[in-house]
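**Student:** I would like the atomic coordinates for the input below:
(one chain, ligands or ions: 1)
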Amino acid sequence: MKSIVILISGRGSNMRSIVEAGMPARIAAVISNQPSAGGLAYAAERGITTAVVDHKAFDSRAAFDEALAAEIDRFTPDLVVLAGFMRVLGEGFVRRYANRLLNIHPSLLPSFQGLHTHRRALEAGVKVHGCTVHFVTPALDHGPIVIQAAVPVLPGDDEDRLAARVLAEEHRIYPRAVQWFIEGRLDRKSTRL
Ligand code: GRF
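**Tutor:** Take a look at the predicted model:
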């Protein structure tokens, strides 16, 4: 059976959606860079191994990336899933997990790369917004797209309302993308680093 390591930084609702989807895979571990991440308690309650690699304990991004990779590799995962993981990962890390590293981004990429996507979508006045699951490549929020979901931007929306509408779609598409990966249905040869 294939195994998955999920990286989180916060509440972990995307991680939960993947766990609860009942993947035909083993969730080998949930790892957070934030000791206070709410998702850790959920994972532990479900009997999933949890670990923390606190980025604040390292002098450089490279040292953090190295420690994180060492922790991940203990579980020899087939797939590493970034689920609300809020640290930028360096090129060496990304190459190490080439073609087996997925991320979810709360916008319809290539629009609104980076942070504060919902606020920026509202400011831009777009009528359609959404989320994207993509393979991770060294350029931030740029990798090959696996699946996207769109939602309308409605009159009277604020950041929170729009974020909630997008999040519901994140929870729908991320388990689907992970399942496709596990079933070997994603053409990873098209991922160029
Ligand atoms: C999600 O909107 C994700 O797309 C973004 O951060 C949020 C994390 O939420 N990168 P959660 O921790 O999965 O609940």
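
**Student:** so where is this protein shaky, pLDDT-wise?
**Tutor:** 189-193 (pLDDT under 70).

**Student:** interface residues of it facing the ligand?
**Tutor:** For the chain, the residues in contact with the ligand (Cβ under 6 Å from any ligand atom) are 8, 10-14, 83-84, 104-106, 167, 170. Using the backbone N, CA and C atoms, a C-beta is placed for each residue, glycine as well.

**Student:** Tell me where the protein has strands.
**Tutor:** With DSSP state E as the definition, the chain shows strands at residue ranges 3-8, 26-32, 50-52, 79-82, 101-105, 128-135, 145-152.

**Student:** Tell me the residue of the chain that sits nearest the ligand?
**Tutor:** Closest contact between the chain and the ligand, by Cβ to the nearest ligand atom, is at residue 84 (2.6 Å).

**Student:** Tally up the residues packed near that residue, please.
**Tutor:** Using other Cβ atoms under 10 Å, the number of residues around residue 84 comes to 22.

**Student:** repeat for residue 183
**Tutor:** By the criterion of other Cβ under 10 Å, residue 183 has 12 neighbours.

**Student:** Next, the contact list for the closest residue to it other than its chain neighbours, please.
**Tutor:** With Cβ to Cβ, 6 or more residues apart in numbering as the measure, residue 24 is the residue that lies nearest to residue 183, at 7.5 Å, once sequence neighbours are left out. Residue 24 sits next to 1-2, 179, 182-183 when contact means Cβ atoms under 8 Å, 6 or more residues apart in numbering.

**Student:** a markdown table for those residues, including distance to residue 47?
**Tutor:** Output for the contacts of residue 24, formatted as a markdown table (distance: Cβ to Cβ, whole Å):
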| residue | distance to residue 47 |
| --- | --- |
| 1 | 16 |
| 2 | 18 |
| 179 | 21 |
| 182 | 20 |
| 183 | 24 |
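
**Student:** Helices - which of those land there?
**Tutor:** Residues of the contacts of residue 24 located in helices (DSSP state H): 179, 182.

**Student:** Just the buried subset of the contacts of residue 24, please.
**Tutor:** The neighbour count (16 or more other Cβ atoms under 10 Å) marks 2, 179, 182 as buried among the contacts of residue 24.
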